[in-house]
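> with the input below, show me the fold.
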Amino acid sequence: MRIAVNSYEAKRQINEMQRAHLKTELRFLKSQLNPHFLFNTINNLYSLALEKSDKTPDALLKMSSLLRYFLYECTKDKVPVEKEWSALLAYQDLFNLSHEQQPNVSLSNDIKSNGMIEPMILIPLIENCYKHSGIDFEPAAFIDVKIAEENGFLQADFINSIGNNIQKENEKNTGIGLAAIQKRLSMHYPGTTPITIIRNENSFHVHLLIPFS
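Here you go, the predicted structure:
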């Protein structure tokens, strides 16, 4: 009996250590995304400031709203999907402020419920689209994002063109944010396929399917 009790206690301690390690790694992966995202955003603000653009105050307000989201919402395990979507829209607005003409970006939200998801799931995916689509310098570049609810699941599609000037880079790398998202989701939803990546000759498609909580 003593051997059985000791064996049970040892397994329990191992399980607790594994859960603690999982939570620590999830926190680490989540923290990796924010500096990477903020670095790109600050570069946009710096460019506007150098140009003494009238858009700078509006850009700072957008930045403020994103920082507020990171500080007060992203520390939680779950956030309403609408809050994550609002932060995504703020990112888009901030990106558009650095362009004279509106880029070819389509965003569609068909969520009807108050579903909860992990924070910083959608934002790195839209950032990845902007980074690799070539939308900064190619007229034919595009980004198409759609989120919807299906049987208690969040279904999201992020589709972007592949910029000619960065095509070779994309063959090696799909982005720091995307790699971290893949790992986070595989750890949080083991035994499932929450994210699917489809690469064609001229486009890149990330399909997300995760349960609302």
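> so which helix or strand takes in the residue nearest to the spatial centre of the chain?
Centroid-nearest residue in the chain, with CA atoms, centre = their mean: residue 124, separated by 2.5 Å. Following DSSP states H and E, one finds residue 124 within helix 122-132.
> helices and strands around that helix, which ones?
Judged by 3 or more CB pairs under 8 Å, 6 or more residues apart in numbering; DSSP states H and E, helix 122-132 is in contact with helix 2-50, helix 81-96, strand 143-150, strand 153-161, helix 176-188, strand 203-211. For the C-beta atoms, the positions are set from N, CA and C on the backbone; glycine is no exception.
> try it again at 6 Å.
helix 81-96, strand 153-161, helix 176-188 (3 or more CB pairs under 6 Å, 6 or more residues apart in numbering; DSSP states H and E).
> in TSV, list these along with mean pLDDT, mean neighbour count and distance to residue 208.
Output for the helices and strands packed on helix 122-132, formatted as TSV (pLDDT from 0 to 100; neighbours: other CB atoms under 10 Å; distance: least, CB to CB, whole Å):
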stretch	mean pLDDT	mean neighbour count	distance to residue 208
helix 81-96	89	19	11
strand 153-161	96	20	4
helix 176-188	78	18	8
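> spit out the contact partners of the closest residue to residue 93 other than its chain neighbours.
Distance criterion CB to CB, 6 or more residues apart in numbering; nearest residue to residue 93, sequence neighbours excluded, is residue 62 at 5.4 Å. Listed by CB atoms under 6 Å, 6 or more residues apart in numbering, the contact set of residue 62 reads 90, 93-94.
> so how far is the helix or strand hosting residue 62 from its chain's centroid?
Here residue 62, judged by DSSP H and E, is contained in helix 56-72. Centroid displacement of helix 56-72 relative to its chain, using CA atoms, centre = their mean, to the nearest Å, is 17 Å.
> and the average pLDDT for it is what?
For helix 56-72, mean pLDDT is 86.
> what is the orientation angle of it with helix 122-132?
140 degrees (axes from the mean of the first three to the mean of the last three CA atoms, to 10 degrees).
> flag every buried residue along helix 56-72.
The neighbour-count check on helix 56-72 (16 or more other CB atoms under 10 Å) flags 56, 59, 62-63, 65-66, 69-70 as buried.
> can you tell me which of these is nearest residue 184?
Minimum distance to residue 184 across those is 16.0 Å, recorded for residue 70 (CB to CB).
> between the helices and strands packed on helix 122-132, which gets nearest to residue 129?
Ranking the helices and strands packed on helix 122-132 by proximity to residue 129 (CB to CB) places strand 153-161 first, at 4.0 Å.
> orientation of that closest one relative to strand 143-150 in degrees?
Using the same axes, to 10 degrees: strand 153-161 against strand 143-150 is 170 degrees.
> show me the contact partners of strand 153-161.
Here strand 153-161 has contacts from 117, 125, 129, 133, 141-148, 203-212, using CB under 6 Å, 6+ apart.
> same check on stretch 200-209?
With CB under 6 Å, 6+ apart as the criterion, stretch 200-209 contacts 125, 153, 155-162, 194-198.
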